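[1] Mind looking at a prediction? Sequence and model below.
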Amino acid sequence: MTDSTGLPVGPILISGHQPRLFDRELSWMAFNRRLIYEAGQPHQPTLVRLLKLAQAATSLDEYFMVRLPLLKGIVQGKEAIALRGDGLNRLQTYLKTLIDRQQAHFAYNLRPTLAQQGIHLLDYATLDALQRQHYQARFADEVMPVLAALVTLPGAAMPDFSNLSLHLAIWLEQAGKKKLAWVKLPRVLPRFLVQRDEHAPSPAWLAVPLEQVITAHLAALFPDHEVRGGYPFRVTRSTDLGLLDSETANLIDLIEEGVQQRRQQGRPVRLEVDATMPPWLRSHIARQLALAPTDIYALSGWLGLNDLKELTQLPRPDLLPTAWQPGLPPALKPQPPPSMLSFVPLTVVPEDNLFQAIAQQDILLHFPYHSFAATVEQFVAQAALDEQVLMIKMTLYRTAVDAPIVRSLMAAARAGKQVVVLVELTAPLDEAINIHWAKQLEQAGAHVVYGVVGFRTHTNLVLVARRETAQIQQYAYLGTGDYLPDRPQPYEDLGLFTSRPDIATDLSHLFNFLTGCAHQTGYQTLMVAPSQLQHQVQALIQREAQHAQQGQPARLIVKLNLLADPGMIESLYAASQAGVEVDLIVRSICRLRPGVPGVSDRIRVHSLLGDFVEHSRILYCQNGDRPEAWIGTADWTPRGLNERIEVMVPLPTSALVAEIYSLLQTLLADTQSRWRLHPNGQYTPCHAPAAPQLWSAQQALIERSQPTHSAWPP
C-alpha cells in the first residue's frame with residue numbers, strides 16, 4: 001500500500017524488523033512527508049511555508065549525514081544494522097521519491113504563490129534585458145572578485161568538495177582538449193541575489209540563484225577557453241567523528257581535528273547534481289568520490305532548498321505571523337495595580353526576587369510561551385552576580401554562538417565562584433561551538449569536564465548553591481531543551497525551577513558521577529539513563545496496567561520526539577491489553593503500530609507539527625486517583641535509553657501535574673497541525689479538508705501566555 005507520494009505506508013521490511021514494529025527508516029520518511037505537507041497549508045503565512053520547506057530539506061540533509069552512513073556501514077553504531085543489496089537500494093529509491101516531492105512542492109506550489117504576492121524567484125534565463133543588466137553589474141562588482149576556479153584535466157584528481165557546499169562543475173575546451181573547472185560558491189555571498197523591483201505597481205522583489213548568475217558569466221572567468229556548460233552539484237558527507245568511546249586526554253584536540261577533517265574529508269554518501277549535467281560528467285565525479293550510481297540524485301530543480309530560509313528575511317511582515325511577546329509564569333509576573341489595563345513591559349525579575357520566588361514554590365516554565373531570557377538566562381546571570389552564591393554547576397549540550405548563559409558562567413568564574421561545567425563536545429553538528437565555549441570557560445577559571453566515556457551527556461541542568469543565613473540553600477533548573485532560544489523555528493520545551501532538597505541532592509550525586517568523582521548510584525527522585533530510567537518507566541507503565549486490571553482509573557499520556565525502542569513498545573502493548581488507555585504524542589519517528597486488535601487497540605498515536613518544534617518529553621500517569629507527571633530529555637530509543645546520560649524529573653506538586661495534564665489535553669485537541677497514525681502506517685490530518693475553522697493548540701498557548709487573555713477552551 002502506498003500514499004499519494006508513492007511511498008509505502010505499511011510495515012515494509014527493509015532490514016528484517018518484526019512486523020509488530022514499523023520500519024524505522026520509513027517512519028522517518030513519513031515524518032518528512034508531513035513536514036512538506038505542513039509547508040503547503042494555505043492557512044500558514046507564505047514565508048512561514050517557505051521556512052518550513054527549507055527545514056524539511058535540512059531534515060533530509062541531516063538524515064543523509066547522520067543516519068545513512070550507519071545504514072551503509074560507513075560508520076558503526078550500536079543501534080544501526082548496515083543494509084545491503086536490495087534493502088539499501090529500496091531505501092535510496094524511497095529517498096529519491098521524497099526529494100522529488102520536495103522539488104515538486106517548491107516548483108508548483110510555493111514558487112507560484114510567492115510570485116502572486118510579489119516575491120519572484122526567477123531563473124536567470126527568464127530575466128529581461130533590464131534585469132540582466134542589473135545582475136551583470138552585480139556579478140562584476142560583488143561576485144567576480146571573490147571567485148576562485150581550479151582547472152584540471154579529465155583524468156586528474158578533483159579537489160575536495162566540502163560537505164553540503166554548492167559547487168559548479170564547468171566543462172571547458174581549449175585547442176580541442178577537454179578540461180574541467182571547479183568553482184565553489186563563496187560562503188561570504190548569499191545564495192540568492194535579491195533586488196527590489198522598482199517598476200512594479202506594488203512592493204516586489206526578484207531573487208536569482210547565485211550559481212545561475214555565475215554560470216551566465218563563465219566566459220569572463222575563462223576568457224581563453226570555450227565554455228561548454230556549467231552544472232551545479234553538491235556532495236553530502238558523513239558527519240560522525242567516531243569519537244564517542246575515546247579515552248584520550250586530548251579529547252578536545254582530537255575533536256577539533258575531526259571537525260576540520262569532516263568539513264572536507266568525511267565519507268561521501270550522496271551526490272546531488274543538476275539534471276542537465278551530462279552523464280559522463282556525473283559519473284566522473286561519482287567515481288572520484290567512490291560513490292555508486294544509486295548514490296547520485298539528479299534534480300530537475302534548484303539544489304539546496306534549505307537555503308530558501310534566506311528569503312524569509314525579506315521585509316514582508318505581511319507574509320509572516322503576527323509578532324507577539326513571550327510572557328512569564330504567574331509566579332514571576334510583575335503585579336501591576338488593578339487600575340492598569342495596559343500591557344506591562346516584560347522586564348527581568350529583580351535580583352532579590354528570583355531566588356525568593358523559587359524558594360516559595362516550584363515553577364514550571366514553558367518555552368517559547370515564557371521568556372527564556374527573563375527566566376533561565378536571568379537565573380544564571382543573577383547567580384553569577386549574587387555575592388551569596390558560592391557555586392554553579394551546569395551541563396551544556398547545545399548552545400548558541402552568542403550565549404548569554406555561558407558569558408554569565410565566565411563572569412561567575414572570574415568573580416571567584418566555584419563554577420563546574422560539563423560541556424558535551426560530541427553534540428552532533430555543534431562540536432565546534434562547544435569547543436569554543438569550553439576553551440573560553442577554562443580561560444575564565446571554570447572547571448570544565450567533558451562527560452562520561454562512552455556516553456553522550458544529553459541533559460540540561462543547573463545547580464546553584466547559595467549561602468542564606470546560617471545554611472546553604474540549593475536551587476535547581478532542569479529542562480527538556482537546549483540553550484538555543486533563537487532558532488529560526490522556535491522549539492517548544494519545558495523547564496522546572498525548584499529548591500527541593502531531594503532533587504538538589506540527586507543533582508549533586510549526578511554531577512559527582514559526571515565529573516568522575518563517584519560511581520553511578522541510586523536517586524531519590526530523578527530517573528537517570530542509562531542505568532535506571534528504562535526500568536523505572538517500564539515499572540510505571542506496569543503499575544498503570546495493574547490499576548486497569550483492578551478496575552481503577554488507568555491512563556498514560558506520553559509526549560516524545562521519537563519512539564523506537566522495542567522493549568518500551570512491548571510494555572505499551574502490554575498496558576493496552578491490560579485495559580490502559582494510551583495517547584502518544586510523537587513528533588517524528590514512531591515504530592509502534594496503534595489500533596491493532598488484541599495488541600494495541602487502546603493506543604492512539606498523534607504527531608503535532610506546528611510553528612514551534614514540539615520538543616519536550618512528558619510522561620503522565622493516571623495512577624488511580626493520584627496522577628503523576630515527569631518531564632525530561634529522554635526519547636524512547638535504544639540510543640536515548642542506553643547510550644546517553646538522560647534525566648527525567650517528577651513534577652513535585654499536584655498543581656503542576658494538573659498544569660501538565662491541561663497542556664497535554666490542549667495538544668490533543670488541536671485540529672490544525674495534529675496527525676493520527678493508523679495501523680497500516682499511514683498518517684492523516686486530524687481535520688476535515690472542508691472544516692470551517694481550524695483550532696491551533698500553539699496559538700491558544702500564545703494567547704494564554706499574554707498579560708490579558710480570555711478563556712480558550714477548545
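    Right, received. Where do you want to start?
[2] got any ranges where the stretch 201-350 of the chain has weak pLDDT?
    Along the stretch 201-350 of the chain, the model assigns pLDDT under 70 to residues 240-265, 334-350.
[3] So which residues of it form strands?
    Applying DSSP state E, counting those that start in this stretch to the stretch 201-350 of the chain gives strands spanning 205-209, 226-237, 268-274, 296-299.
[4] so what strands line up beside the last one?
    According to DSSP bridges, strand 296-299 forms sheet pairs with strand 268-274 (parallel).
[5] got the contact list for the partner strand?
    Strand 268-274 is contacted from outside by 64-65, 68-69, 72, 74, 231-238, 282, 285-286, 289-291, 295-299, 303-304, using C-beta atoms under 8 Å, 6 or more residues apart in numbering. C-betas here are computed from N, CA, C, even on glycine.
[6] Type out the PyMOL command that picks the buried ones from those.
    With 16 or more other C-beta atoms under 10 Å as the criterion, this PyMOL line picks the buried residues out of those:
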select buried, resi 64+65+68+69+72+74+231+232+233+234+235+236+237+238+282+285+286+289+291+295+296+297+298+299+303+304
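[7] Skipping adjacent residues, who's closest to Trp28 in space?
    Once flanking residues are discounted, Trp28 sits nearest to Ile589: 5.1 Å by C-beta to C-beta, 6 or more residues apart in numbering.
[8] Report how many residues lie close to the one you found.
    Applying other C-beta atoms under 10 Å, we find 23 residues neighbouring Ile589.
[9] how distant is the lengthiest helix in the chain from the center of its chain?
    Looking across the chain with DSSP state H, the single longest helix is helix 85-105. Distance, stretch centre to chain centre, for helix 85-105: 22 Å (C-alpha atoms, centre = their mean, to the nearest Å).
[10] what comes up buried for that helix?
    Of the residues in helix 85-105, 87-88, 90-92, 94-95, 98-103, 105 count as buried by neighbour count, 16+ other C-beta under 10 Å.
[11] which one among these gets closest to Ala403?
    Gln102 (32.5 Å; C-beta to C-beta).
[12] Report the contact partners of that closest one.
    Contacts of Gln102 by C-beta under 8 Å, 6+ apart are 36, 53, 56-57, 60, 305.
[13] how about JSON lines for these, with neighbour count and distance to Gln536 added?
    JSON lines is the format used below for those (neighbours: other C-beta atoms under 10 Å; distance: C-beta to C-beta, whole Å):
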{"residue": "Ile36", "neighbour count": "22", "distance to Gln536": "38"}
{"residue": "Leu53", "neighbour count": "24", "distance to Gln536": "40"}
{"residue": "Ala56", "neighbour count": "25", "distance to Gln536": "36"}
{"residue": "Ala57", "neighbour count": "25", "distance to Gln536": "39"}
{"residue": "Leu60", "neighbour count": "23", "distance to Gln536": "35"}
{"residue": "Leu305", "neighbour count": "24", "distance to Gln536": "43"}
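[14] pLDDT on the helix or strand where Gln474 lies, on average?
    Using DSSP states H and E, Gln474 maps to strand 471-479. Averaged across strand 471-479, the pLDDT comes to 96.
[15] how about the strands in the stretch 351-500 of the chain?
    Under DSSP E, counting those that start in this stretch, the stretch 351-500 of the chain gives strands at 363-367, 389-396, 418-423, 447-449, 456-457, 460-468, 471-479, 491-498.
[16] Reformat these as CSV; add distance to Glu25 and mean neighbour count.
    Formatted as CSV, the strands of the stretch 351-500 of the chain follow (distance: least, C-beta to C-beta, whole Å; neighbours: other C-beta atoms under 10 Å):
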stretch, distance to Glu25, mean neighbour count
strand 363-367, 31, 22
strand 389-396, 31, 22
strand 418-423, 32, 22
strand 447-449, 36, 18
strand 456-457, 22, 23
strand 460-468, 29, 20
strand 471-479, 30, 19
strand 491-498, 24, 24
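[17] okay if I get the ones you listed as TSV plus distance to Cys686?
    As requested, the strands of the stretch 351-500 of the chain are exported to TSV (distance: least, C-beta to C-beta, whole Å):
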stretch	distance to Cys686
strand 363-367	22
strand 389-396	36
strand 418-423	40
strand 447-449	45
strand 456-457	34
strand 460-468	31
strand 471-479	29
strand 491-498	18
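[18] now for the ones you listed, which one comes closest to Thr152?
    For those, proximity to Thr152 was assessed by C-beta to C-beta; strand 456-457 is nearest, at 40.9 Å.
[19] Need the mean per-residue confidence for the closest one.
    Averaging pLDDT along strand 456-457 yields 84.
[20] Show me the strands paired with it, marking each as parallel or antiparallel.
    Here strand 456-457 is paired, per DSSP bridges, with strand 644-650 (parallel).
[21] Just the angle for the strand it pairs with relative to strand 418-423, thanks.
    With axes from the mean of the first three to the mean of the last three C-alpha atoms, to 10 degrees applied, the angle from strand 644-650 to strand 418-423 works out at 120 degrees.
[22] mind listing what's buried in strand 644-650?
    Here strand 644-650 shows 644-650 as buried, counting by 16+ other C-beta under 10 Å.
[23] Make sure Glu614 is actually in contact with Ile585.
    Yes - using C-beta atoms under 8 Å, Glu614 is in contact with Ile585, at 7.2 Å.
[24] intersection of neighbour lists for the two?
    Listed as contacting both Glu614 and Ile585 by C-beta under 8 Å, 6+ apart are 559, 608, 667.
[25] Using a markdown table, lay out the strands of the stretch 201-350 of the chain together with distance to Asp486.
    Below are the strands of the stretch 201-350 of the chain laid out as a markdown table (distance: least, C-beta to C-beta, whole Å):
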| stretch | distance to Asp486 |
| --- | --- |
| strand 205-209 | 24 |
| strand 226-237 | 27 |
| strand 268-274 | 29 |
| strand 296-299 | 31 |
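[26] Good, we can wrap up now.
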